[in-house]
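J.: Next input, structure requested:
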Amino acid sequence: DEADVLDCGYGKAAWVDKLLGYRPDAVVVGIDLFTGQGNSDEDEDEEDDEDGDGIESFIRKRWNLNIPLRQDTSSDRLRPETFDLINSRMLIDGINANRWETYVRELYALLKPNGWLQMVEFHAIFQSDSGRDAPFLSRWWDWYSQKLLQMGKNPRIASQLKPLMVNAGFTDVHYHVSRLPVGNWDPDRVQLGIQARDLITQMLRDVSLYPFLALGRMPREQYENLLEGARRELHQPGLKLYLNVSVFTAPHFIAESHAADDSCRHVAYGRKARRRR
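T.: Model prediction:
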């Protein structure tokens, strides 16, 4: 049977593309992060077409996820008990701290009985197996977490996903943490570590550009020096850097993902219980 899937925060739709390659019969609705008022499809068509090159077809929708979904009066509004699977990904810098609890409850309402929710958020606190410091990476995280707080976000929401899901009514919530090496220092996971390092190097710039320069008014030269120092630390095998990564068992429908894609993220899966008769 075809499955109905909702992807919140689809970005460049890499997860959607991977899912449709695994389950081409799935009907996918993607909500991209939008910080305006309500739905703004009309002025985004050209941008969506450019971003969608090579991506399997899915239904695109724009909505400010800080606004309750029940306020959507459009013809394509999301309706209760519609989806078999919901994927919520990388919204740490988009959803307000006081919105997360109601957001998770709304996702619960959108799921069919026995449906599944997957939540993925990064938590970029770098640690060292060598016991040595990584001052540039530590400084980057300090700045980033402070600016998220200043913007009304919760930089530590990744570690709070499980209780939010349980409180919303989910059962069978799977959550545990393992270590992911960053770089080629672990002989058993060299390729994985290299992929993670390259991904994280780009991520450090992508997510910090606005908070550091526009909001924090960090001088451009200081910003570039910080990123260059962080890049050098990421490329030092002797530091033996790693990130705590959530690893889970998933129900049969969840699409497999490449480990590097979740290199700096916490993932939680939960099931909505069947309705009692």
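
J.: can you point me to the longest strand in the chain?
T.: If you go by DSSP state E, the chain has its longest strand at strand 111-122.

J.: Low-confidence ranges, the stretch 51-200 of the chain, go.
T.: 51-56, 176 (pLDDT under 70).

J.: give me that answer again for 90
T.: Of all residues in the stretch 51-200 of the chain, those with pLDDT under 90 make up the ranges 51-58, 61-63, 75-76, 88-93, 113-116, 118-125, 156-163, 165-166, 169-180, 199.

J.: Next one: Ser178 relative to Leu243, how far apart?
T.: Ser178 sits 10 Å away from Leu243, going by C-beta to C-beta, to the nearest Å. Where you see a C-beta, it was placed from the backbone N, CA and C, and this is true even at glycine.

J.: same question, Leu6
T.: For Leu6, the distance to Leu243 - C-beta to C-beta - is 27 Å.

J.: So which of the two has more stuff around it?
T.: Neighbour count, other C-beta atoms under 10 Å: between Leu6 and Leu243, Leu6 has more, with 25 against 21.

J.: So that one lies in a strand, does it not?
T.: Yes - counting by DSSP: H, G, I helix; E, B strand; the rest coil, Leu6 is part of a strand.

J.: wait, Ile31 sits on Gly11?
T.: No - with contact defined as C-beta atoms under 8 Å, Ile31 does not count as touching Gly11 (10.8 Å).

J.: neighbour count winner among those two?
T.: Ile31 (21 against 14).

J.: On the three-state scheme, that one is what?
T.: Ile31 is classified as strand under three-state DSSP.

J.: show me what contacts it?
T.: 6-10, 61-63, 65 (C-beta atoms under 8 Å, 6 or more residues apart in numbering).
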